[in-house]
Structures are given as C-alpha cells and as structure tokens.
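Trainee: using only what follows, build the 3D model:
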Amino acid sequence: MNGKQKERERSGEALRTVRELRGITANELAQALDVSRPYISNIENGRKNLTPALAIKAAKILKVRPIVFVNEDFLHKDLKGAVP
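Mentor: Model prediction:
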C-alpha cells in the first residue's frame with residue numbers, strides 16, 4: 001500500500017467516525033453534499049479521494065475543521081466532548 005492509499009483510508013475513516021458520532025447516515029451526508037451514497041461509501045472505504053472542496057463542505061455540515069480529515073490529532077481535539 002502506498003502513501004496516497006493510506007492517506008485516502010485515513011481521510012475516509014475520519015469522515016466515517018465524525019459522521020457516525022454526529023448521528024448522520026451516509027445517505028443524509030450524501031444528500032447534503034449533493035453526491036451519491038455509494039460515493040460516500042467509496043470515500044469512507046478508501047477507494048475514492050476526499051477532495052479539498054468536499055472536505056470543506058463536509059466539515060461545515062459535521063461541525064469540525066477540514067483538517068480533521070487529514071490529521072488524526074485534530075480529529076481527537078475537535079471531537080473531544082463534542083458528541084451530542
């Protein structure tokens with residue numbers, strides 16, 4: 001596995017983690033982002049890239065900073081005590 005694949009997987013895992021903690025389904029997130037549910041699934045499973053534009057939109061919806069999708073340290077900081 002190369003570095004880009006690992007990056008895709010980390011971003012996808014972070015997206016899924018935040019989405020689930022916020023109580024949002026993949027379908028709901030897909031609708032809010034104007035993409036298909038399978039596309040969200042592909043991102044979360046590391047098969048597609050989370051583009052910068054989509055990361056920014058997802059971050060607004062999920063109420064986190066976009067950097068959480070690329071840096072695990074920020075993910076933990078942004079989610080600390082933030083579970084509804």
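Trainee: would you mark the buried spots in stretch 3-15?
Mentor: 8, 10-15 (16 or more other C-beta atoms under 10 Å). In this view, the C-beta of every residue, glycine as well, is placed from N, C-alpha and C.
Trainee: and which of these is nearest to Ala26?
Mentor: Leu15 (9.5 Å; C-beta to C-beta).
Trainee: ok, the nearest residue to that closest one once chain neighbours are set aside - contacts?
Mentor: Of all residues not flanking Leu15 in the chain, Glu44 sits nearest, at 5.6 Å (C-beta to C-beta, 6 or more residues apart in numbering). When contacts are counted by C-beta atoms under 8 Å, 6 or more residues apart in numbering, Glu44 touches 12-13, 15-16, 19, 26.
Trainee: closest to Arg37 among those residues?
Mentor: The closest of these, once distances to Arg37 are taken by C-beta to C-beta, is Ala26, at 5.4 Å.
Trainee: what segments of this structure are helices?
Mentor: Applying DSSP state H to the chain gives helices spanning 3-21, 26-33, 37-44, 52-62, 72-79.
Trainee: let me have the ones you listed in JSON lines, extended by mean pLDDT.
Mentor: Formatted as JSON lines, the helices of the chain follow (pLDDT from 0 to 100):
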{"stretch": "helix 3-21", "mean pLDDT": "92"}
{"stretch": "helix 26-33", "mean pLDDT": "98"}
{"stretch": "helix 37-44", "mean pLDDT": "98"}
{"stretch": "helix 52-62", "mean pLDDT": "96"}
{"stretch": "helix 72-79", "mean pLDDT": "67"}
